[in-house]
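**Student:** Below: sequence and its predicted model.
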Amino acid sequence: MTPSPTPDRPSTRSTTTAGAEVRRSIPGNVVRGALIGVVETVPGVSGGTVALVVGIYDELINSAGHVVSAGRRAVLGPDRSAGVRHHLARVEWRIVVPVVIGMVLALGTVAGPMSHLVDEHPVTMRALFFGMVLASVGVPLRLAGGALRARDAGVVAPAAALAFVLVSVPPTTVAPAPLLVVLAAMVAVSALLLPGLSGSFLLLTVGLYQPTLRAVDELDVGYLSLFFLGAALGMVVVVKGLQWLLDRHHRVTMLALTGLMLGALRTLWPWQLDDRTLLAPEGEAWVQLLAAVAGCAVVALLLVVDARTRARTGHGSQEELAGVESGEDDARPFGDPGR
């Protein structure tokens, strides 16, 4: 008989595998990818936030990291063939491929209508997304694990302040020069990987939001090729750093993501001018309040479904398990001092 895990160091291999099975439904992951794709067309809402809410954030970051490592081994070696096979075998293909398919389908069908809704009903749409992001703030807090302490504010507050400043920058109007498109895509894909920061919002800040949505809607191959080049470069630069942070400092990273999400709420305040000057509620404010409540309800429903799934299987989410497995270096500063 196989001995049971010791009480002070529970086995994470079997629980990680079992917990991952919950999220390996191919149709379910297509839907998760579609949700990420939809919100990536919305300025101020981060696809990384949705990935956190639906429980596939760590899997996507780790898988992207192994793809990047496989490419590096293929180019630089050593032992290219074996190295590439090793890293590609560790990619969660049953999650990644359906998610990518769902994202592409959603972007291709939603980019045009979403751009229209944001343009025609900016106040109501911002209120809806404000409620969604506000309800999502609890997700990284839960994944951080352990009771919150006063010292946690030293991580959350600076991250919130940074995000608040970044999303307060007035938008600019620039011509979509090729180099600018590549650089903007590098920054935008970085925001895709960071919950709380929106790639679409950053594109809006540099004046490339409408050109990018139009290129997707009209299948402008030249523009999209430049954009995908920049996105690929951004993935190579950013994803390994995020993977390292999640592996080594899971709790601190989740607390920082909480701050980023809180600070980024500034851009979703329903009442603001085109230069992002904030205003007091005006007009039919009750409509925006209802929209915000509806956004909260949608995210709350997703969280309830996730919690019941975890309770039924007896396993935590993949992120929570990763926190147990890789958060030992953070346990002493943030957790029980006697641990």
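**Tutor:** Alright, I've got the coordinates.
**Student:** where does the stretch 51-200 of the chain dip in pLDDT?
**Tutor:** 115, 171-176, 190-198 (pLDDT under 70).
**Student:** Could you rerun that using 90?
**Tutor:** The stretch 51-200 of the chain contains residues with pLDDT under 90 at 51-96, 100, 103-126, 128-153, 162-200.
**Student:** Please enumerate the helices of the stretch 101-250 of the chain.
**Tutor:** Here the stretch 101-250 of the chain has its helices, by DSSP state H, counting those that start in this stretch, at 122-136, 138-144, 153-166, 178-193, 199-205, 209-218, 221-248, 250-264.
**Student:** and Leu290, which of the ones you listed is closest to it?
**Tutor:** helix 122-136 (8.3 Å; Cβ to Cβ). From N, CA and C alone the C-beta is placed, and that goes for glycine too.
**Student:** Next, the buried residues of that closest one.
**Tutor:** The neighbour-count check on helix 122-136 (16 or more other Cβ atoms under 10 Å) flags 123-136 as buried.
**Student:** want to throw these into a markdown table with distance to Arg248?
**Tutor:** Output for the buried residues of helix 122-136, formatted as a markdown table (distance: Cβ to Cβ, whole Å):
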| residue | distance to Arg248 |
| --- | --- |
| Val123 | 42 |
| Thr124 | 42 |
| Met125 | 38 |
| Arg126 | 36 |
| Ala127 | 38 |
| Leu128 | 36 |
| Phe129 | 32 |
| Phe130 | 33 |
| Gly131 | 34 |
| Met132 | 30 |
| Val133 | 27 |
| Leu134 | 29 |
| Ala135 | 29 |
| Ser136 | 24 |
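**Student:** Name the nearest of those relative to Arg214.
**Tutor:** Nearest member of the buried residues of helix 122-136 to Arg214, counting by Cβ to Cβ, is Met125, at 18.5 Å.
**Student:** Spatially nearest residue to the closest one, not counting backbone neighbours?
**Tutor:** Val118 (5.3 Å; Cβ to Cβ, 6 or more residues apart in numbering).
**Student:** returning to what we had before: between the buried residues of helix 122-136, which is closest to Leu213?
**Tutor:** Using Cβ to Cβ, these come closest to Leu213 at Met125, 14.2 Å.
**Student:** if I look at the closest one, how far off is Ala256?
**Tutor:** 27 Å (Cβ to Cβ, to the nearest Å).
**Student:** just Asp274 next, same as before
**Tutor:** Separation of Asp274 from Ala256 (Cβ to Cβ): 30 Å.
**Student:** repeat for Ala294
**Tutor:** 29 Å.
**Student:** Compare neighbour counts for those two and give me the winner.
**Tutor:** Each of Ala294 and Ala256 has its neighbours counted (other Cβ atoms under 10 Å); Ala256 has more, 24 against 13.
**Student:** Hmm, the more buried one is touching Ala157, no?
**Tutor:** No: using Cβ atoms under 8 Å, Ala256 is not in contact with Ala157; the gap is 10.4 Å.
**Student:** how many neighbours does the closest residue in space to Ala159 that isn't next to it in sequence have?
**Tutor:** Sequence neighbours aside, Gly259 is the residue nearest to Ala159 in space, at 2.8 Å (criterion: Cβ to Cβ, 6+ apart). Under the neighbour criterion other Cβ under 10 Å, Gly259 is assigned a count of 24.
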